[in-house]
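Asker: Just the structure for this:
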Amino acid sequence: MTDNRTVVTVPAELRTALAALASEACDGELSAAELLAAGGTPFVLLGVGSLAQLRLLDAVESTYGVFFDLTGPIGFPDGLDALAENLVAEHGVTPTADAG
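Answerer: Okay, here's the model as predicted:
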């Protein structure tokens with residue numbers, strides 16, 4: 001069986017910026033460092049509730065000028081690494097060109 005997925009290279013700066021946004025969205029209950037260390041873990045398993053995930057969604061959309069269709073087949077990426085990969089692969093986000 002062959003894996004046809006494309007490898008996505010995510011800049012460290014983007015992961016760091018997203019971890020900071022996620023930490024702020026969950027009112028600091030998880031630090032950016034904790035979120036970075038658990039990048040492959042789904043937000044819900046880290047205790048990030050639905051309201052915090054919506055805050056993160058809003059912050060990401062505002063910061064990077066993107067839109068997530070939550071009714072679509074993908075929905076909102078479930079963890080920090082998945083979110084970063086989605087922003088790069090699906091939205092063409094780069095940390096220096098699109099942040100802030």
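
Asker: Flag the shaky bits of the chain, pLDDT-wise.
Answerer: For the chain, the stretches flagged by pLDDT under 70 are 1-5, 95-100.

Asker: Now do the helices in it.
Answerer: 12-25, 32-37, 50-64, 80-91, 95-98 (DSSP state H).

Asker: Which of those sits closest to residue 6?
Answerer: Taking C-beta to C-beta, helix 80-91 is the member of the helices of the chain nearest to residue 6, at 7.0 Å. C-beta coordinates here come from the backbone N, C-alpha and C atoms, glycine included.

Asker: Look up the closest residue to residue 38, ignoring the ones flanking it.
Answerer: Excluding its sequence neighbours, the residue lying closest to residue 38 (C-beta to C-beta, 6 or more residues apart in numbering) is residue 46, at 5.8 Å.

Asker: Wait, that neighbour touches residue 35, no?
Answerer: Yes - with contact defined as C-beta atoms under 8 Å, residue 46 counts as touching residue 35 (7.4 Å).

Asker: what about those two, which has more around it?
Answerer: Neighbours per residue (other C-beta atoms under 10 Å) separate residue 46 from residue 35, with residue 35 holding more: 24 against 17.

Asker: Contacts only, for the residue nearest to the spatial centre of the chain.
Answerer: Closest to where the C-alpha atoms of the chain average out (C-alpha atoms, centre = their mean) is residue 83, at 2.9 Å. Taking C-beta atoms under 8 Å, 6 or more residues apart in numbering, we find residue 83 in contact with 18, 60, 76-77.

Asker: Between which two of these is the distance greatest?
Answerer: 18 and 76 (12.7 Å).

Asker: Of those two, which one has the most company?
Answerer: Neighbours were counted for residue 18 and for residue 76 using other C-beta under 10 Å; residue 18 has more, 29 against 17.

Asker: Perfect, that will be all.
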